[in-house]
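Colleague: Quick one, what's the 3D model for this:
(2 chains)
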Amino acid sequence: EDKVVQSPLSLVVHEGDTVTLNCSYEVTNFRSLLWYKQEKKAPTFLFMLTSSGIEKKSGRLSSILDKKELFSILNITATQTGDSAIYLCAARSANSGTYKYIFGTGTRLKVLA
Amino acid sequence: NAGVTQTPKFQVLKTGQSMTLQCAQDMNHNSMYWYRQDPGMGLRLIYYSASEGTTDKGEVPNGYNVSRLNKREFSLRLESAAPSQTSVYFCASSEPRRGNGELFFGEGSRLTVL
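Modeller: I've put the predicted structure just below:
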């Protein structure tokens, strides 16, 4: 059975701290790993990672994938209160041309001023 | 740009009632998905459709049916609602062979079953 596990489940930090969010996966026919940020409504896309060891960056956020150990991390440096959200990772798999996305439970991040 | 549109945004049902959640996308995507989100559970895949005319079960399909009416529309039906189906439902679409395969989400539909 396909499985995506995120840790920690929740995290409270102060502004300026650096956080690392973890995502491990066991998915048949794995193709890529996606990260999303969810505030009040729909998740918004952050990154998609396909290759091991290649870091993707966007401002203070960065992410990397390890396909040998089956995990990814999302780093947020110099956190701000606006980073408070649920962070979701999803593993995308493919089977006979059909793609599906399996999500983890999410990490709820709260950044205190 | 409308993207993915879901209706209704809110609905309250009594146990045993039926209803259909509607979803439409205007991005010419082949793949569409229905997820439910419960506190502490992340997003769980209910059903998905790789293309018009095909549907597949996801992780939690029991109690639901779907219809891929055409390329744009993918509806989710609850035939006999139960309190355990109280949740926020998200429709999403993607075109995995184009761009980065990102999933695009609707705004969500909050369903309460009493």
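
Colleague: List the residues that contact residue A:31.
Modeller: By C-beta atoms under 8 Å, 6 or more residues apart in numbering or on different chains, the contact list for residue A:31 reads A:50, A:92-94, A:99, B:96, B:101. For every residue, glycine as well, the C-beta is placed using N, CA and C.

Colleague: Any quick ChimeraX command for the buried ones out of these?
Modeller: The command below creates a ChimeraX selection of those among the contacts of residue A:31 that count as buried (16 or more other C-beta atoms under 10 Å in any protein chain shown):
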select /A:50,92,93,94,99 /B:96,101
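
Colleague: Please flag which of the contacts of residue A:31 sit within helices.
Modeller: With DSSP state H as the criterion, helices contain none of the contacts of residue A:31.

Colleague: Which of the contacts of residue A:31 scores worst on pLDDT?
Modeller: Least confident of the contacts of residue A:31 in the model: residue B:96, at 74.

Colleague: quick one: low-confidence parts of chain A?
Modeller: Nowhere does chain A drop to pLDDT under 70.

Colleague: quick one: is the longest strand along it near chain B?
Modeller: Using DSSP state E to define each element, chain A has its longest strand at strand A:85-95. Yes: for strand A:85-95 and chain B, the contact criterion (C-beta under 8 Å from any C-beta of the partner chain) is met by A:88, A:90, A:92, A:94.

Colleague: mind putting the contacts of residue A:31 in TSV, distance to residue B:41 included?
Modeller: Output for the contacts of residue A:31, formatted as TSV (distance: C-beta to C-beta, whole Å):
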residue	distance to residue B:41
A:50	27
A:92	19
A:93	20
A:94	25
A:99	22
B:96	25
B:101	24
